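Make a model of this:
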Amino acid sequence: MPEGAEKEEMKDLYRRLIVHIRNSIDRSQGNAIMLKELVFSFFLHIQGIHRWRPMKFSDIIRVEPNTKACSRFFGERFSSILECPHITDSTIESLRNETTSPESPAYQKLLSYVGKATFMTDMDKIRPGKLTPYNESFNNIRIKYCPKQSYFPIKSFEIRTMLAVLHWNTMQRAELCGERRISEVIQVFSKSKQTKVMKIKKEPTKMEWKKRVVESARRKKEEQGMGDPVNDSQVNPDEESELLFDDVQALLDFMEAENNMEDSEE
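Next up, the predicted model:
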């Protein structure tokens, strides 16, 4: 398969996996065993396998010799989930049935990420209904980079959203590391709750990445010289895959982070 086609296949599988994980979180309703089985059933569905017998993941999900998967993966089994949800649930719409060979680099690359020990451990902690506050918190940051009253071309919107993601991730990492201390507690009136609430303010987070982005852009422009920016299409497929999968890991990291923008009632 040509390199460009492999990259597109990887992107497509990644997007399908993101949707599958979100649906699996809702469907499992806090059952960690069911969640793991639902998530890994993705690798059967995209092969065209929609029903299977109780067995170990590794007995039906092919792992190539060069694909790294943790020891826990080889010990996990399908026991409660023995068919794709769409088999019995007619409400599942717009299901995609394109198949992918388990021998393809994209399939094995995605499996190596989901088969990591950290990923599987994080799935034990996921519970439904915990993502909404984080989505709202992220959107509060995103509109600072992409104001609602302004129009942005698609490419500009993508870049601004990426900057918002960098900002958000930096805040979450600082929160997890205990670097954001409470600086002030004030009383404010909440329009939504129609009562006074205590608002917690925390120390600002150091955004060192902003300086690195500017310096990197300056160096690249100096190397290029006069003219419009050059579109660098020579992206290393492995590096791109790592960046794409950061979004999946971020989904799981939400479960561990505290919502630092939450109000507490008086």
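
Would you map the strands across the chain?
55-56, 77-78, 182-190, 195-202, 264-265 (DSSP state E).

so how far is stretch 110-126 off the chain centroid?
Distance of stretch 110-126 from its chain centroid, counting by Cα atoms, centre = their mean, to the nearest Å, is 12 Å.

go on, stretch 178-188?
28 Å.

quick one: contacts of that stretch?
171, 174, 196-203, 205, 260, 266 (Cβ atoms under 8 Å, 6 or more residues apart in numbering). All C-beta spots, glycine's among them, are computed from the backbone N, C-alpha and C.

My guess is residue 20 contacts residue 40. True?
No. Between residue 20 and residue 40 there is no contact under Cβ atoms under 8 Å: 10.1 Å.

who has more neighbours, those two?
A count of neighbours by other Cβ atoms under 10 Å puts residue 40 above the other of residue 20 and residue 40, at 22 against 18.

got a list of what the closest residue to the more buried one other than its chain neighbours touches?
In this structure, residue 40 finds its nearest non-sequential neighbour in residue 57, 5.5 Å apart by Cβ to Cβ, 6 or more residues apart in numbering. For residue 57, the contacting residues are 40, 73, 74, 76, 77, 78, by Cβ under 8 Å, 6+ apart.

Buried ones from those, can you make that a ChimeraX selection?
Applied in ChimeraX, the following selects the buried portion of the contacts of residue 57 according to 16 or more other Cβ atoms under 10 Å:
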select :40,73,76,78
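
closest to residue 65 among the contacts of residue 57?
Nearest to residue 65, judged by Cβ to Cβ, of these is residue 74 at 13.6 Å.

and that closest one, how far is that from residue 179?
37 Å (Cβ to Cβ, to the nearest Å).

just the helices in the stretch 101-250 of the chain please.
With DSSP state H, counting those that start in this stretch, the ranges of helices along the stretch 101-250 of the chain come out as 105-114, 117-123, 132-145, 154-176, 208-224, 237-253.

If you average pLDDT over each of the ones you listed, which is lowest?
Within these, the stretch with the lowest mean pLDDT is helix 237-253, showing a mean of 49.
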